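Colleague: A predicted structure for the sequence below; I have some questions about it.
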Amino acid sequence: MRKSGVILICVHKSFMIHSIENHMERNNYDVYQVPPEITKINEVKDASDIILVYLDGLLEYLPKLEDYLKMICVTEEKSLVLIGDHMELQNAEGYFPPGIVSANLERPLDINHMMNIIMKIEYQNREGNRQKRIMIVDDDVAFLKMLNEWLSEKYQVTMSTTGMQALTYLAKNPVDLILLDYEMPLLDGPSVLAMLRNEPTTAGVPVMFLTGKDDRNSVLQVMSLKPEGYLLKSMEKEKILSSIEDFFTMQKTARVN
C-alpha cells in the first residue's frame, strides 16, 4: 500500500510552506513539494492522490496548469485542494469548477483543520467514495430535471439542453460520464459524439446514449457508434441508476486489472 502523502505545488518556500510540511510530516505524511511546472508535477504525480495548490504567487501559472490538473484529477482520480486568501480562491474558481476541487482552505490557514480535511479526503479516496461527475445532455427539459434529481443523490451532475452548449462546457471541464440524448435539434447525439472523439481532451470520455426508441433497428444504430452503453428513457429509476453504477464498477475493475 502506498504510504500516505501529498503533492504540494507552490512558488516560494515560505514560513507557511515550512509549517505545512512539518505538520504533515509529524502526522506521518510524505510531502512532495514541486514548483508550478507540468514536467515537475508529472515526475511526482504517482506519489499521491492528493494535490495541494498553494495559491500565493501562483495565480499567473494557472492558465498553463489548468488543463493538466483537470485531466489528472479526472483520469487518475486525484483530489485537488486549493489554499489561498479570499481573493485568490475567488480567482481560482475561473479555472477550476466546484466538481474538480475537493476543498478550498482559506488563509490565514488553520493547519489542524487542514489536516482533518486531508485525512477525510484520503479516507474517501481509499474507500472509492469520490463522487463521479456526470453530464446529462438532453433537450427535453422535464426529463433532464427528473434525471438530475435521481442522479444528484449520488453523483455530481451538470446539465445541458443543447449539444453545442455541452461541447463548450466539456472543452474546459472534464467529467467521468456523459449521458447523451440521441435525438436533438440542430446538433444530434451522434454528431456530438463524433466531435467529442475528434478532440484530444474529450476523446476518451465515456458516453452512454439516451434514447426513447427501443426497436431493434434504432438500438443497432445507436450501438454502431460504439458508446459505452445506452439507456432507454422508458426505463424505471432503479434500472437507470443500476446501469450507471454497473458501468462505473466495470470501469474500476478494468483499471485495476
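Modeller: Yep, that arrived.

Colleague: any stretches of the stretch 101-250 of the chain with poor pLDDT?
Modeller: The stretch 101-250 of the chain contains residues with pLDDT under 70 at 126-130, 214-215, 218-219, 221-222, 224.

Colleague: strands of that one, start to end?
Modeller: Counting by DSSP state E, counting those that start in this stretch, one finds strands in the stretch 101-250 of the chain at the ranges 101-106, 133-137, 156-160, 177-181, 207-211, 229-232.

Colleague: I'd like to know which elements the last one is packed against.
Modeller: Under the contact criterion of 3 or more Cβ pairs under 8 Å, 6 or more residues apart in numbering; DSSP states H and E, strand 229-232 touches strand 207-211, helix 216-223, helix 237-256. (Glycine included, C-beta is placed from N, CA and C.)

Colleague: what does the fifth one give?
Modeller: With contacts defined as 3+ Cβ pairs under 8 Å, 6+ apart, the packing partners of strand 207-211 are strand 177-181, helix 189-197, helix 216-223, strand 229-232, helix 237-256.

Colleague: that one to strand 133-137, inter-axis angle?
Modeller: 40 degrees (axes from the mean of the first three to the mean of the last three Cα atoms, to 10 degrees).

Colleague: grab the nearest non-local neighbour of Lys13.
Modeller: Of all residues not flanking Lys13 in the chain, Gln33 sits nearest, at 7.4 Å (Cβ to Cβ, 6 or more residues apart in numbering).

Colleague: contacting residues around the residue nearest the centre of the chain?
Modeller: For the chain, Val74 is the residue whose C-alpha lies nearest the centre (Cα atoms, centre = their mean; 4.2 Å). For Val74, the contact set (Cβ atoms under 8 Å, 6 or more residues apart in numbering) comprises 100, 133, 174-176.

Colleague: export those residues to TSV and tack on neighbour count and distance to Met114?
Modeller: Formatted as TSV, these follow (neighbours: other Cβ atoms under 10 Å; distance: Cβ to Cβ, whole Å):
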residue	neighbour count	distance to Met114
Ile100	20	19
Arg133	20	24
Pro174	22	26
Val175	22	28
Asp176	21	27
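
Colleague: greatest separation within these: which pair is it?
Modeller: For those, the maximum inter-member distance is 11.5 Å, found between Ile100 and Asp176 (Cβ to Cβ).

Colleague: quick check: domain ranges of the chain?
Modeller: What automatic domain parsing lists as the domains of the chain is 5-126, 133-256.

Colleague: contacting residues for Thr158?
Modeller: By Cβ under 8 Å, 6+ apart, the neighbours of Thr158 are 99, 133-136, 169, 173, 175.

Colleague: check the residue nearest to the centre of the chain and give its pLDDT.
Modeller: Looking at Val74, its pLDDT reads 75.

Colleague: ditto for the one 5 residues further on
Modeller: Confidence per residue is given as pLDDT, and for Ser79 that number is 89.

Colleague: and it, how far from Met195?
Modeller: According to Cβ to Cβ, to the nearest Å, Ser79 and Met195 sit 30 Å apart.
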